[in-house]
Structure formats: structure tokens, C-alpha cells
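> need a structure here:
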Amino acid sequence: MKKLYVTPETIESRSRDFLREYSGLQPARPPGFDFLRSALLVLDMQRVFMDPSSHAYIPSAPAVIPRIRALAEAYEIRNRPAIFTRHVNTPEDAGRMADWWRNRIAPDNPLSALIPEFHRPSDRVILKSRYDAFFRTPLEEMLRGGGVDQVVICGVMTHLCCETTARSAFMRGFDVFFTVDGTATYTEAFHRASLLNLAHGFAVLTLSETILEAARGDEG
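The predicted structure is shown next:
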């Protein structure tokens, strides 16, 4: 079921191809991206998805790590919110997800930890128990409190937590910018399906470099 579809060497060209392919589905009146109104959401960059020995390893995920790290540093340097999620479950809070997945990511499982690139003292981490990072978490309150009305979404997996959180953010009134080269999942088909669906009514597809250019532009 899993298949490598981007590598560090190919992610730039492949992502530009994906972006071109779905560009015709973008909003009639696309919201302009304003770095100073935005927050970066980085979903579930955990060892369980990044460790090749893990049952849930995502072969294409290593290609997105440097790009997400660059975005996170841009937000940190400019004192804008960068919020990281860590997905964990107990038998009580897994909900219907327990019917779908053989293995629960328990809070005390070492593989539940964020990878070192995203586990720094200055990083803000929230725990979540469902695909939707807004579900029973302080995320919306954190964003509203920081004057945020636009979100940039990165992380894994494209078609599960990233897509669900993008839709949830849209329904809450946030402008959603979904990074084509900052998200990854098990197969190209899953990745493409999410990009196709989100581009048709929920999110502006973008590249990490576009966000970084906006950040540099806001430096004056």
C-alpha cells in the first residue's frame, strides 16, 4: 500500500507539477496571503510516522522535513505562531478511529514523540486525539487569541489529519493555505486526492517557498 512518490531530489518539480495540475480549481476570489495574519500548523511530525522501522512509516515524509523546518524557523524568527500537534490516543478518546486502526499511538509510546527537528523548547505543542486538530483542543482559542485568521498547513498525513484539519479550519472561518510540498502521505494517489478535493472548495494550494517569500517581504 505504501509507495515512495517524492524524494528530496524530486519534491520541488513534482510539487510544481501537482500545483499546476490543480490550479484551475482554485477560488474565484482567492484570499491574499498575509504573513502577519497567519499561523503555521505542523501536524503529527512524530517518530511513529518518520522512523523506517515503524509500522506507520511514510516513505515520502523525509522529503518534506527540511521544508517544514524552514517554515517553522521563519515563523519563529518573526515571532508569529507556529503550532505543532502530537497525535496520541487512549482507549477512551480514540472514538471511531479505534475501528479503523490496529495500533493505537499511546502517550507513553516512545514512537509518539515528535522528531528532534520539531521538538524544541520554544515550540508550542498541543495533543490531539482525532484527525481534526481543532477537536477538543485549544487550537482555535490559541489562533483567535493571536489575531490569526489565516493558517498554513503542513505535516502528515495529507489525506487524513492534514485534510481534515484544513476542512475544519475553513468551516471555522480561517483562510487555509495548504502546502503541496509540506505535506506527505502513504501514496501519490492519496496525496493527489486531497489536493484535488481541497482545491475545489476549501484551501489555496501553495508551495513552502511562496510562504517564505511572503515572510521575507514582510521584513520590509
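
> per-residue pLDDT, residue 98?
Note on residue 98: pLDDT of 85.

> begin at 40, not 1, for the rest of this chat.
Right, with 40 as the first residue, what we last looked at is residue 137.

> can you tell me which helix or strand it belongs to?
helix 136-139 (DSSP states H and E).

> relative to whichever helix or strand comes after that helix, what are the paired strands and their orientations?
Note on helix 136-139: by DSSP H and E, the next helix or strand toward the C-terminus is strand 163-167. Using DSSP bridges, strand 163-167 pairs in its sheet with strand 121-126 (parallel).

> ramachandran angles for the residue nearest the centre of the chain?
Closest to where the C-alpha atoms of the chain average out (C-alpha atoms, centre = their mean) is residue 193, at 2.4 Å. Phi and psi for residue 193, reported as degrees, to the nearest 10, are phi -130, psi 170.

> buried stuff in the worst-scoring helix or strand of the chain on mean pLDDT?
Across the helices and strands of the chain, the lowest-confidence element by mean pLDDT, DSSP states H and E is helix 136-139, at a mean of 86. Across helix 136-139, burial judged by 16 or more other C-beta atoms under 10 Å covers no residue at all. For every residue, glycine as well, the C-beta is placed using N, CA and C.

> other residues contacting that helix?
With contact meaning C-beta atoms under 8 Å, 6 or more residues apart in numbering, helix 136-139 is reached by 128, 130, 143, 169-170.
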